[in-house]
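Visitor: Quick one, structure for this:
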Amino acid sequence: MITYMQIIVIRHAQTEYNKKELINGNLDDDHLSAEGLAQIPVIIDGLAPYTFDALYTSPMYRSIQTAEPIAKHFNITLRKDSRLIEINLGSFQGQSWDATIPDFGVNSSKLLSSCEYDFSPYGGESADETRLRVQNFIDDLKKDQQQKPLIVCHGGIMRWFYYLCTGSKAGRIPNASVHMFEI
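Guide: Numbering: from 1, shown residues only. As a prediction, the model looks like this:
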């Protein structure tokens, strides 16, 4: 009999970079905006019907800033996992979303949604590298089928959760959005 584990995955709340449509990536770790801080109680209210016993987060500040109040509210331990760090977009980080158009033909949001990119010539990582680390995280979660995990991560990583858990590619993932998957 095949059993499935349900996971809840949240994209961190809005940052200043998100407001300005700048590429955060994994090197530029800005703080949540005032709007982002206001999104946290809404996330917490939306999680009320669910039960979870583990909270994993990217160790990047914007994810921690989102995850800490959730952990405190639900009285669960926060576990930082580097496999959840946002995609490394190399020299494009800190630039506008459209900075990738001359090299890739689409803006960074659409490029990440494709799950087909290679930022390694620009000092970043490839889609294969990102896929492997997210798949490794999912595989580790599967080892404890009794666990009920909640995960806070980034838009680029959320796209990989969609692709690896459903086989479908997702478009832009709104900040502070909550998504449920079966693994």
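Visitor: hey, let's count contacts and neighbours off CA atoms from now on
Guide: Will do.
Visitor: ok, residues contacting stretch 44-53?
Guide: Contacts with stretch 44-53, where a contact means C-alpha atoms under 8 Å, 6 or more residues apart in numbering, come from Ile70, His73, Ile76, Gln147, Lys148, Pro149, Leu150.
Visitor: pLDDT weak spots in the protein?
Guide: 1-2, 28 (pLDDT under 70).
Visitor: all strands of it, in order?
Guide: For the chain, the strands defined by DSSP state E occupy 6-11, 54-57, 78-80, 149-153, 178-182.
Visitor: Most tightly packed of those?
Guide: strand 149-153 (a mean of 25; mean count of other C-alpha atoms under 10 Å).
Visitor: Now do that strand against strand 6-11, angle only.
Guide: 20 degrees (axes from the mean of the first three to the mean of the last three C-alpha atoms, to 10 degrees).
Visitor: Paired strands for strand 149-153, with orientation please.
Guide: Paired neighbours of strand 149-153 in the sheet (DSSP bridges): strand 6-11 (parallel), strand 54-57 (parallel).
Visitor: contacting residues around the last one?
Guide: Under the contact criterion C-alpha under 8 Å, 6+ apart, strand 54-57 has outside partners 63-64, 67, 71, 76-81, 84, 147-153.
Visitor: Equivalent analysis for the longest one, please.
Guide: Here strand 6-11 makes contact (C-alpha under 8 Å, 6+ apart) with 63, 148-155, 158, 173-183.
Visitor: what's the answer for stretch 112-130, then?
Guide: By C-alpha under 8 Å, 6+ apart, the list of residues contacting stretch 112-130 from outside reads 87-92, 111, 156-157, 159-160, 169-172.
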